[in-house]
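Q: need a 3D model of the sequence below.
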Amino acid sequence: MKLDMDYVIEKLIELLNIPSPTGNTEKAIDFVEKEFNSLGIPTYRTNKGALIATIEGENKDKEVTLSGHVDTLGGMVKEIKSNGRIKLAQIGGYVMDTIEGEYVSIENSQGKIYTGTILITKASSHVHGQATKDTERNADNMEIRIDEKVSSKEDVLKLGINVGDFIFFDTRTTCTNSGYIKSRHLDDKAGVACILGIAKYLADNDIRPKYTTNFFISNYEEVGHGASAGIPEKTFEFIAVDMAAPGEGQASDEYSVTICAKDSSGPYDLSLRKRLVNLAEANNLSYKIDIYPYYGSDGSAALMAGYDFKVALIGPGVDASHSYERTHREALENTIKLGILYLTE
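A: Numbers count the residues shown, from 1 in each chain. As a prediction, this is how the structure comes out:
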């Protein structure tokens, strides 16, 4: 099975460089839609703005759906402080320590972009001494320093910045010669890149999947309701393609496809999990089985919404999830191969 991994990495990098925090994902959806259409795969959008691309299968009576999400962590302007600094509200479940010192962009309602840096309110140790170390990293004690000549709330308002404007984190995307991809928001743009890789392989080789196949690109996963609506009604099996989380006590790594047995929402379908494991073993893929106690997926959202289909979760290992993340092209490759095998065997 020869994959075009250069395409996958190229599209992953392009997608990582399109800001798309939950609630502000249209440009990322546009990008993925364009890629599907360039492969000759028709698409449409749900009322919530999710994207669905469909490849007709040999069996049209039943359908399978693979999902990935383009929405990411981020922030919103919560308050413009009297000193011209900005207090932010979180989008998604990250720890505030992980964004200290990060460069950001603020997009106002007219689409103008301003840059800045996330700092604690007592950032200078030469001014505050021990308090710089002791200050708790939380939403009350962190602020954005805007790269403009502002010293008051009025100065900031004159820039057109207001409460509710979106804040994008700098991804600092880097690819190494050793095959690593380092970036914020590999959750789940790595999964979406894998889906594009699956779609391209099928299109390039003129392969019809066993069942009509939908690629569901969701845009509200990070806040819990991404795939809670809009899934094609003939779906009888649903595979969420989302990051795996390596770490202490976990089986996952950065080089394999992980098949998740259980997360915070409960166990995934056992028969579907066994089929995926058998496919991985029969085709000599590097795979892991893992359990995540603090994790939910689009599959979780679909099940909670009452959909009656079997659900599994697979994905590439992503180190330091919801922080400055890292994966390896081998994990992407193994995930794509398992997805293709699932759809065609």
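Q: looks to me like Glu10 is in a helix.
A: Yes. Judged by DSSP: H, G, I helix; E, B strand; the rest coil, Glu10 forms part of a helix.
Q: so what pLDDT did it get?
A: We note a pLDDT of 98 for Glu10 in this prediction.
Q: swap in Met1?
A: pLDDT, Met1: 87.
Q: so it makes contact with Asn334?
A: No. In this structure, Met1 is not within contact of Asn334 by C-beta atoms under 8 Å, at 11.0 Å. Every residue, glycine included, has its C-beta placed from N, CA and C.
Q: neighbour count: these two, which is higher?
A: Neighbours per residue (other C-beta atoms under 10 Å) separate Met1 from Asn334, with Asn334 holding more: 25 against 12.
Q: okay, and that one sits in which element?
A: Counting by DSSP states H and E, the element that carries Asn334 is helix 329-344.
Q: mind listing what's buried along the lengthiest strand in the chain?
A: The strand that spans the most residues within the chain, counting by DSSP state E, is strand 59-69. Across strand 59-69, burial judged by 16 or more other C-beta atoms under 10 Å covers 63-69.
Q: same question, stretch 198-214
A: Per 16+ other C-beta under 10 Å, stretch 198-214 contains these buried residues: 198-202, 209, 211-214.
Q: redo those residues as CSV? Include secondary structure.
A: Listed next are the buried residues of stretch 198-214 as CSV, based on three-state DSSP:
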residue, secondary structure
Ile198, helix
Ala199, helix
Lys200, helix
Tyr201, helix
Leu202, helix
Pro209, coil
Tyr211, strand
Thr212, strand
Thr213, strand
Asn214, strand
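Q: now the two most distant members of those.
A: Using C-beta to C-beta, these reach their maximum pairwise distance at Lys200 and Tyr211, which is 19.1 Å.
Q: okay, now Ile181: neighbour count?
A: Neighbour count of Ile181, defined by other C-beta under 10 Å: 26.
Q: next, the contact list for it, please.
A: 9, 12-13, 173-175, 190, 326-329 (C-beta atoms under 8 Å, 6 or more residues apart in numbering).
Q: Val318 too?
A: 186-187, 190, 243-246, 254, 325-327, 331.
Q: specify which member of those residues is nearest to Asn141.
A: Glu325 (24.7 Å).
Q: nearest residue to that closest one other than its sequence neighbours?
A: Computed as C-beta to C-beta, 6 or more residues apart in numbering, the closest residue to Glu325 that is not its neighbour in sequence is Leu186, at 4.3 Å.
Q: Arg326 is in contact with the one you found, correct?
A: Yes. Under the criterion of C-beta under 8 Å, Leu186 makes contact with Arg326 at 7.5 Å.
Q: pull out the buried residues from stretch 85-97.
A: 85-88, 90-92, 94, 96.
Q: centre of the chain versus the longest strand of the chain, how much separation?
A: Offset of strand 59-69 from its chain centre (C-alpha atoms, centre = their mean, to the nearest Å): 20 Å.
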